[in-house]
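Undergrad: Return atomic coordinates for the entry below.
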Amino acid sequence: MVRLGKRFKRLCPFHPGKSNLNNFIRHPALQVYVLTILDAPLKVLSGWHLQRLGLDALVCHAHRIVVLCREDLLPGSSTGLPHVVDVDSVFSDFSYPYEGRRVPCFGAPVSGVRHGFLRRPPSTRLLLLPCPASPSPPLSGGSTVKRLLLLITLLSLVSATASAQEKKTREQKVREDLKKVTEEGFWIYNDLPKAFEQAKETGKPIVVVLRCIPCEECVKLDDDLVDTDPVLRPLLEQFVCVRVVSTNGLDLSLFQYDTDQSFAVFMLNADKTTYGRFGTRSHRTEWVGDVSLKGLAEALQGALELHKGYPGNKATLAGKTGPKPMFPSPEQIPALKSKYTSSLNYSGDVVKSCIHCHQIGDALRDHYRSKGEPLPAQILNPYPHPKALGLVLDPNKKATVKQVRDGSLAEKAGFKAGDSIVSLNGQPLLSMADIQWVLHNTPAEGGTVAAVVDRGGKSVDLSLKLAEGWRELDDISWRVSSWGLRRMVTGGLVLEPVEDSERGKNGVPKSGTALRVKFVGQYGEHAAGKNAGVQKDDIIVAYNGRSDLITDSDVLRHGMTNTKPGQKIKLDIVRGGKSLTMEIPSQK
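TA: The predicted structure follows:
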């Protein structure tokens, strides 16, 4: 039975007001209301995983939350309708690295709780109710009763939806997606030849969205929001739209992109000329700061403008097509060849027949590793993020500089906040992904990237000089592919730098390598570190004789570049102030 909180009270951030856990809470800074329903133990969850909802944090019951959220913070808010958000897809064993850790929560202490232990809530759903951007004071009287009745009614709807969702397998989700998309008829489903044929007949450009349905842990823009957004929809109607839900049979000479992505967009001409790419990721579970619906709209608009100027601008677009790939399609890579075919098996187990994006990169790494060859820089350090060079870009714009970090390569090149990057190496830019494409094709040995920026209406030429080793500025530890690298060269260990306050104490060096073992793999080849005796919270002070490896990424790069399968890797470890030495195997 649904039971309402016993009383309501307004709490301001950092105001030590008294209350209990069944309160109506207002967060004035964001004008977000959180009404907790059902008497049950609560957990206070940090907002790091819910930034996409416009929330700093919220108070969460064991099962469901009802949120009255400012209209302009709601996804697809122009419809004025309630939104149900499946938080369970955000929390997963694969992508929930902070489980059990104390993290700060916003606002005043609630029943003395300043921090909460993160736990994965079972099948949590959010019901988001639009409210005015300038909300009235906290609810009272008849208004309270009416709002609560509405909440109870809609909560029952959420409960029914949640029950249905919980029963669905990944197999069902894939099949239902096929049925839904084909019945609606707006998107061509998994049929690229048909899309190119339509584009030739209509003269429209093509937008191809690559996204993996079975990957519940994947980070991607919500399909429904993309379809219904009032700005995006009119733009999409000017394209031939096709959704590709697996990489089986994908033409790798045309579709070259960061395979650690789970949502990638290509804008193409019917003759297969690439206008641009969209889709960037720099964190395993979050995309805030990398992509947005507004950014996608700008990219689509830019592609339409390039299409109008085609073929007069064809020469400037030549660099957007990559070199001939080692294998023409994913299922022809040796590690995948015996397991997959060029199409999904809808007559059998469709989920198991799907080649996921990250499996392409994994298979290529395994191919080089099995032959005892070092990984090329483009495979070990793919698609460098602009922020590694000090360029922080606005995710809501095509390629606009939001911030330039002090002392960075971008600052030395002359970039300034507010610059709109028009082109790199002569290629017109539609998104952050287009910048990554240019960087990805710049040699690891270094080079100069020619940039043209619009600065206050004036065209300015800049030169971004990259020295040898510049790719190593980027973080690769967040990537899905890093799990395979850890099997090969860390024995399944996940590492993180120690705090500065720990250095110089209990045997931890003041400088150099000091990496805490954050996680120890437990099964198969990922248990090699465990089997060697490594324990969680051990501090590695030297890896393979090197004491100058500062980050997890540094260790992965060194191991992949300087060790071969079968070789023993020496680890110098500090545990409780005592020095230990262990060996882990370098593996295929």
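
Undergrad: quick one: buried residues of the one helix or strand F519 maps to?
TA: F519 belongs to strand 515-520 when assigned by DSSP states H and E. Across strand 515-520, burial judged by 16 or more other CB atoms under 10 Å covers 515-517, 520. C-beta: built from backbone N, CA, C; applies to glycine.

Undergrad: Who are the packing partners of it?
TA: Applying 3 or more CB pairs under 8 Å, 6 or more residues apart in numbering; DSSP states H and E, one finds that strand 515-520 contacts strand 493-497, helix 528-532, strand 539-543.

Undergrad: how about these in a markdown table, adding mean neighbour count?
TA: What follows is the helices and strands packed on strand 515-520, written out as a markdown table (neighbours: other CB atoms under 10 Å):
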| stretch | mean neighbour count |
| --- | --- |
| strand 493-497 | 20 |
| helix 528-532 | 20 |
| strand 539-543 | 21 |
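
Undergrad: got the ones you listed as JSON lines, with distance to A195 columns?
TA: Formatted as JSON lines, the helices and strands packed on strand 515-520 follow (distance: least, CB to CB, whole Å):
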{"stretch": "strand 493-497", "distance to A195": "41"}
{"stretch": "helix 528-532", "distance to A195": "45"}
{"stretch": "strand 539-543", "distance to A195": "48"}
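
Undergrad: okay if I get the ones you listed as a markdown table plus distance to Y189 and mean pLDDT?
TA: Formatted as a markdown table, the helices and strands packed on strand 515-520 follow (distance: least, CB to CB, whole Å; pLDDT from 0 to 100):
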| stretch | distance to Y189 | mean pLDDT |
| --- | --- | --- |
| strand 493-497 | 38 | 96 |
| helix 528-532 | 42 | 97 |
| strand 539-543 | 47 | 98 |
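
Undergrad: Of these, which is nearest S586?
TA: Among the helices and strands packed on strand 515-520, helix 528-532 comes nearest to S586, with 9.4 Å by CB to CB.

Undergrad: who touches that closest one?
TA: With CB atoms under 8 Å, 6 or more residues apart in numbering as the test, helix 528-532 has contacts from 487, 490-493, 517, 520-522, 571, 582-585, 587.

Undergrad: of those, closest to V453?
TA: Comparing the contacts of helix 528-532 against V453 with CB to CB picks out T490 as the nearest, at 40.4 Å.

Undergrad: Please name the residues that touch the closest one.
TA: So T490 contacts 529, 555-556, 559, 584 (CB under 8 Å, 6+ apart).

Undergrad: Now stretch 386-399 - C-alpha only, CSV.
TA: This file holds the C-alpha atoms of stretch 386-399, laid out as CSV (Å, rounded to 0.1, in the frame of the first residue of the first chain):
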residue,chain,number,x,y,z
PRO,A,386,40.4,17.3,-27.0
LYS,A,387,40.5,17.9,-23.2
ALA,A,388,43.8,15.9,-23.1
LEU,A,389,45.3,18.8,-25.0
GLY,A,390,43.6,21.4,-22.8
LEU,A,391,40.6,22.1,-25.0
VAL,A,392,37.4,21.9,-23.1
LEU,A,393,34.5,22.1,-25.6
ASP,A,394,30.9,23.1,-25.2
PRO,A,395,28.8,19.9,-25.8
ASN,A,396,25.8,22.1,-26.9
LYS,A,397,27.8,23.6,-29.9
LYS,A,398,29.4,22.2,-33.0
ALA,A,399,33.1,22.8,-32.0
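
Undergrad: How about it, which residues are buried there?
TA: Within stretch 386-399, the residues scored as buried using 16+ other CB under 10 Å are 386-395, 397-399.

Undergrad: now do stretch 464-471
TA: Of all the residues in stretch 464-471, those buried under the rule 16+ other CB under 10 Å are 464, 466, 470-471.

Undergrad: Report the mean confidence score over it.
TA: Across stretch 464-471, pLDDT averages out at 96.

Undergrad: Between the two ends of that stretch, how far is it?
TA: From its first residue to its last, stretch 464-471 covers 14 Å (CA to CA, to the nearest Å).

Undergrad: what comes into contact with it?
TA: Contacts to stretch 464-471, defined as CB under 8 Å, 6+ apart, come from residues 377, 381, 384, 389, 409-410, 412-413, 415, 424, 442, 444-451.

Undergrad: make it 7 Å
TA: 377, 381, 384, 409, 413, 442, 444-449, 451 (CB atoms under 7 Å, 6 or more residues apart in numbering).

Undergrad: what does stretch 312-328 give?
TA: For stretch 312-328, the surrounding residues in contact (CB under 7 Å, 6+ apart) are 252-253, 256, 273-275, 306, 333, 425-428, 437.

Undergrad: Between those residues, identify the one with the most neighbours.
TA: Greatest neighbour count in the contacts of stretch 312-328, by other CB atoms under 10 Å, goes to Y275: 26 neighbours.

Undergrad: got a list of what G302 touches?
TA: Counting by CB under 7 Å, 6+ apart, G302 touches 276, 398, 430.

Undergrad: Okay then, goodbye and thanks.
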